[in-house]
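Q: Sequence and computational prediction follow.
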Amino acid sequence: MANFQVKRDDSDHYSVLRIGGFLDAHTAPQLEEAIQKLIDEERYNIIIDFKELNYISSAGLGVFMGFIENIRNNSGDIKMCGMNPKIYRVFDLLGFPSLYDIVNEEKEAVEKF
Amino acid sequence: MIAKSVHEYKLRIPSQTDNLELIRVFVAKLAEKVGFDSDDIGKIELAIDEACTNVIKHAYNGDRSKPLDIAIQIDFQKFAIVVTDQGKGFNPKKVNIPNMDKYLAELRVGGLGIYLMKTLMDEVDYDIKPGVKNQVRMVKYFLDKNSKIVQTEKA
């Protein structure tokens, strides 16, 4: 089994990236590529579904920081859902919940746009 | 009398990001073996990842042929992780620890590794000799350090 997976689901007004496994300095480029592809297609409303993600390091957090300005400048946003407590603790430790909408369910994330 | 023996576990591994998972598993299993709870194991796992990622990306500039040495030293009061490299090193005094409010407000990227290590572990120290031997030593105590002092005083 691959150590990181990203699956994409597109709806009319947003796209969901469902990430699984672990997100570290080795796997972060795969997520970067997936977000870059959405931006190239001018799909700026992005939901990241963390349900299957078991681990994140600062290299993973850096992916979101690297894109968020560009995405918001294009009237889009990154919304996050489905984090397990271990993942949420890392976001919380760095104060990221003040910068991103982090919710439990995907439908709540959709409503945040 | 409490025995003062130190158990040491070592891992020498090529400096490659695809080895980060193996490094985390090695360290997390030892942390689990000595009885840390899942919250502390998560902190230790993230701290070793950040330390090794810094070595791979900055000390060795992505040179995959260089060795990364990890030693875990366990005694009766603490779990110490020593990460050693022979890369270019850095001046720990010149590392900016980010002000997180400002960091987030300015949407900065990167530079969180050392901040995380210091936040996650009880102690973080450096011994830097560029190109010869650079070491970062991170410690997690089994008990809260303050309660340890109180216990010692009572004894």
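A: Nice, I can see it.
Q: alpha carbons only for contacts and neighbour counts from here, please
A: OK.
Q: Spell out which residues of chain A are next to chain B.
A: A:24-26, A:57-59, A:62, A:65-66, A:68-69, A:86, A:94-96, A:99 (C-alpha under 8 Å from any C-alpha of the partner chain).
Q: first vs last residue of stretch B:103-115, how far apart are they?
A: End-to-end distance of stretch B:103-115 (C-alpha to C-alpha, to the nearest Å): 12 Å.
Q: Now that stretch: buried residues?
A: B:Y103, B:L104, B:R108, B:V109, B:G111, B:L112, B:G113, B:I114, B:Y115 (16 or more other C-alpha atoms under 10 Å in any protein chain shown).
Q: hmm, which two among the residues of chain A next to chain B are most spread apart?
A: With C-alpha to C-alpha as the measure, no two of these lie farther apart than A:E69 and A:K86, at 26.1 Å.
Q: and of the buried residues of stretch B:103-115, the nearest to B:Q135?
A: Distances from B:Q135 to the buried residues of stretch B:103-115, taken by C-alpha to C-alpha, are shortest for B:I114, at 13.4 Å.
Q: was I right about that closest one contacting B:I97?
A: Yes: here B:I114 reaches B:I97: they are 7.4 Å apart, a contact under C-alpha atoms under 8 Å.
Q: quick revisit: among the buried residues of stretch B:103-115, give me the pair with the biggest separation.
A: B:L104 and B:I114 (16.5 Å).
Q: follow-up on the earlier one: just the ones of the buried residues of stretch B:103-115 in helices?
A: Residues of the buried residues of stretch B:103-115 located in helices (DSSP state H): B:Y103, B:L104, B:G113, B:I114, B:Y115.
Q: B:L46 versus the closest residue to chain A within chain B, what's the distance?
A: Residue nearest to chain A within chain B: B:T17 (4.8 Å; C-alpha to the nearest C-alpha). Here the criterion is C-alpha to C-alpha. By it, B:T17 lies 14 Å from B:L46.
Q: And the two? Which one has more around it.
A: Using other C-alpha atoms under 10 Å in any protein chain shown as the criterion, B:T17 and B:L46 rank with B:L46 on top: 25 against 20.
Q: Any buried residues in the helix or strand hosting A:K37, and which?
A: For A:K37, the element it lies in under DSSP states H and E is helix A:28-40. Residues of helix A:28-40 classed as buried under the neighbour-count rule (16+ other C-alpha under 10 Å) are A:A28, A:L31, A:E32, A:I35, A:L38, A:I39.
Q: who does it touch, helix- and strand-wise?
A: strand A:4-10, helix A:58-73 (3 or more C-alpha pairs under 8 Å, 6 or more residues apart in numbering or on different chains; DSSP states H and E).
Q: Now do it and strand A:4-10, the angle between them.
A: 10 degrees (axes from the mean of the first three to the mean of the last three C-alpha atoms, to 10 degrees).
Q: just to revisit the earlier point, filter the buried residues of stretch B:103-115 by proximity to chain A?
A: Applying C-alpha under 8 Å from any C-alpha to these, those adjacent to chain A are B:L104, B:R108, B:V109, B:L112, B:G113.
Q: what's the helix holding A:K37 in contact with?
A: Here helix A:28-40 makes contact (C-alpha atoms under 8 Å, 6 or more residues apart in numbering or on different chains) with A:V6, A:L17, A:Y44, A:A59, A:G60, A:V63, A:F67, A:I71.
Q: So for the first one, what's the nearest residue that isn't a sequence neighbour?
A: Among residues not flanking A:V6 along the chain, A:I19 sits closest, at 4.5 Å (C-alpha to C-alpha, 6 or more residues apart in numbering or on different chains).
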